[in-house]
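[1] no FASTA, just this:
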Ligand SMILES: CC(C)(COP(=O)(O)OP(=O)(O)OC[C@H]1O[C@@H](n2cnc3c(N)ncnc32)[C@H](O)[C@@H]1OP(=O)(O)O)[C@@H](O)C(=O)NCCC(=O)NCCS
């Protein structure tokens, strides 16, 4: 493992380096991925480098790169945004960019790592996210980890000529602790 920060069973999370910008850029421009991420402008390499630099200096955001333990291959990124130290909450985001890795439980493993970090290290109380209702893979991934559906934002985003719903989901620290003890 190269510079691991959070270590799971098959993957680990580490800091995002400027050298990672080309692969992250490719993931975020991939139509199969960006359709779920509210991205609708092409991302050039300099913009991605600037984003990595900006995130590094932003106390309300923490981004991490996900890599496979077996060969250090980068497979995605995940983040906490709007980290709110008064209300102890943050918004979760994930992009498993290597599509060959989908459906193997790696997205769930990564999400668990960041939840443990959020509750155990950052002292968060609430971990929330917004997911497009038609992103069934992501909804399943979050529900199997114990996220609750809080509500539906009707016709909240527009893509492919249609308006789509967005689901707000969250998990609280007590719920997570209880699920882990089960
Ligand atoms: C969402 C994402 C992180 C999930 O990663 P992953 O590694 O595929 O997740 P997992 O394998 O842990 O879980 C996916 C689950 O969805 C299920 N699934 C896959 N396709 C599905 C579908 N069309 N409908 C319902 N469930 C589906 C899988 O079977 C699996 O459930 P299981 O473990 O009960 O079998 C990944 O697909 C991704 O990054 N997608 C692109 C960006 C994105 O959508 N990000 C999230 C924005 S909110």
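    Done, it's in. Since we're looking at a predicted model, the values are computed, not measured. Numbering: from 1, shown residues only.
[2] how much space separates residue 182 from residue 146?
    Distance of residue 182 to residue 146, given as Cβ to Cβ, to the nearest Å: 10 Å. Every C-beta, even on glycine, is put in place using the N, C-alpha and C of the backbone.
[3] got it, and residue 173?
    For residue 173 relative to residue 146 (Cβ to Cβ), the value is 11 Å.
[4] how about residue 7?
    As judged by Cβ to Cβ, residue 7 and residue 146 stand 21 Å apart.
[5] toward the C-terminus, what is the element adjacent to the longest helix along the chain?
    In the chain, taking DSSP state H as the definition, the longest helix is helix 106-120. For helix 106-120, the succeeding helix or strand toward the C-terminus, using DSSP states H and E, is strand 126-132.
[6] show me what the helix or strand just after that following strand is packed up against.
    Later in the chain than strand 126-132, the nearest helix or strand by DSSP H and E is helix 136-145. When contacts are defined as 3 or more Cβ pairs under 8 Å, 6 or more residues apart in numbering; DSSP states H and E, helix 136-145 packs onto helix 106-120, strand 126-132, strand 162-172.
[7] what about residue 7 and residue 146, which has more around it?
    residue 146 (17 against 12; other Cβ atoms under 10 Å).
[8] so who does the more buried one touch?
    Residues counted as contacts of residue 146 (Cβ atoms under 8 Å, 6 or more residues apart in numbering) are 171, 175-176, 179.
[9] and what of residue 170?
    Contacts of residue 170 by Cβ under 8 Å, 6+ apart are 126-129, 147-148, 150.
[10] flag every residue of this structure that's near the ligand.
    33, 36-37, 94-96, 101-108, 129, 131, 135-138, 140-141, 144 (Cβ under 6 Å from any ligand atom).
[11] give me the buried subset of the residues you listed.
    Neighbour counting by 16 or more other Cβ atoms under 10 Å classes 33, 94-96, 101, 106-108, 129, 131, 135, 138, 141 among those as buried.
[12] what's the closest non-adjacent residue to residue 169?
    Leaving aside its sequence neighbours, residue 169 sits nearest to residue 147 (Cβ to Cβ, 6 or more residues apart in numbering; 4.2 Å).
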